[in-house]
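Participant: I would like the atomic coordinates for the input below:
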Amino acid sequence: MPDTTTQKSNAKNLEHLLELAEIGAWELDTVTRHAWRNAYHDMIFGYDEVLPDWTFEQFLSHVVPGDRARIADLYEHAVQEKTSWSFECQIITAKGHRRFISVRGRYLENGNGANPAFIVHFVLYRGNGQNQRAEHRKRRPGGLSAV
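Facilitator: Residues are numbered from 1 along each chain as shown. Modelled structure (predicted):
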């Protein structure tokens, strides 16, 4: 039988690793469209504290209007085909800032009878123009900062 203390410690270590790497993560239930996510995810979207709930629709509301239909179509296709989901887009944070994010996800069938989910990671690109990916790669990992 697995040691629950070790499992909790491993989950906390994973959370710290995601923060250090500046990666936001969600697990999105494809039926309810509600998501579990880490604290850094909410920071990417401009929140100082973790919101009590997050849905796919909330995510889309942060995507710039010109990209929303494309992102929704990509998501629906990935769910129907049970495949991966990958794109880059601009978001508008809760504080009104425009940011570029890179999103990668994978469809996941849960063997325990739970609803299928998407495991998704978000990476925030800082800066403007052509150099934002290069700037992100050069940045040293650091603590959380509100964006």
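
Participant: does residue 67 really touch residue 90, like I thought?
Facilitator: Yes: assessed by CB atoms under 8 Å, residue 67 is found in contact with residue 90 at 6.5 Å. The C-beta positions use only the backbone N, C-alpha and C, and glycine is treated the same way.

Participant: kindly provide the distance from residue 45 to residue 122.
Facilitator: 9 Å (CB to CB, to the nearest Å).

Participant: any shared contact partners between the two?
Facilitator: residue 24 (CB atoms under 8 Å, 6 or more residues apart in numbering).

Participant: what is the burial count for residue 123?
Facilitator: Residues near residue 123, counting by other CB atoms under 10 Å, number 18.

Participant: you'd agree it is up against residue 25?
Facilitator: No: using CB under 8 Å, residue 123 is not in contact with residue 25; the gap is 10.4 Å.

Participant: mean confidence (pLDDT) on the helix or strand encompassing residue 26, please.
Facilitator: Residue 26 is part of strand 23-29 when elements are defined by DSSP states H and E. Strand 23-29 shows an average pLDDT of 81 in the prediction.

Participant: and the next helix or strand past that strand?
Facilitator: strand 35-37.

Participant: just the residues contacting that following strand, thanks.
Facilitator: Counting by CB under 8 Å, 6+ apart, 24-29, 50, 54-56, 59 sit against strand 35-37.

Participant: what about burial for the residues you listed, which qualify?
Facilitator: Among the contacts of strand 35-37, the ones that count as buried by 16 or more other CB atoms under 10 Å are 24-29, 54, 56, 59.

Participant: next up, the contacts around residue 94.
Facilitator: Contacts of residue 94 by CB under 8 Å, 6+ apart are 45-47, 62.

Participant: for it, give me phi and psi.
Facilitator: Taking degrees, to the nearest 10, you get phi -60, psi -20 for the backbone angles of residue 94.

Participant: equivalent analysis for residue 64, please.
Facilitator: phi -60, psi 140.

Participant: secondary structure element holding the nearest residue in space to it that is not next to it in sequence?
Facilitator: In space, and not counting its chain neighbours, residue 64 is closest to residue 90: 4.4 Å by CB to CB, 6 or more residues apart in numbering. Using DSSP H and E, residue 90 maps to strand 84-92.

Participant: quick one, that strand and strand 23-29 angle?
Facilitator: 120 degrees (axes from the mean of the first three to the mean of the last three CA atoms, to 10 degrees).
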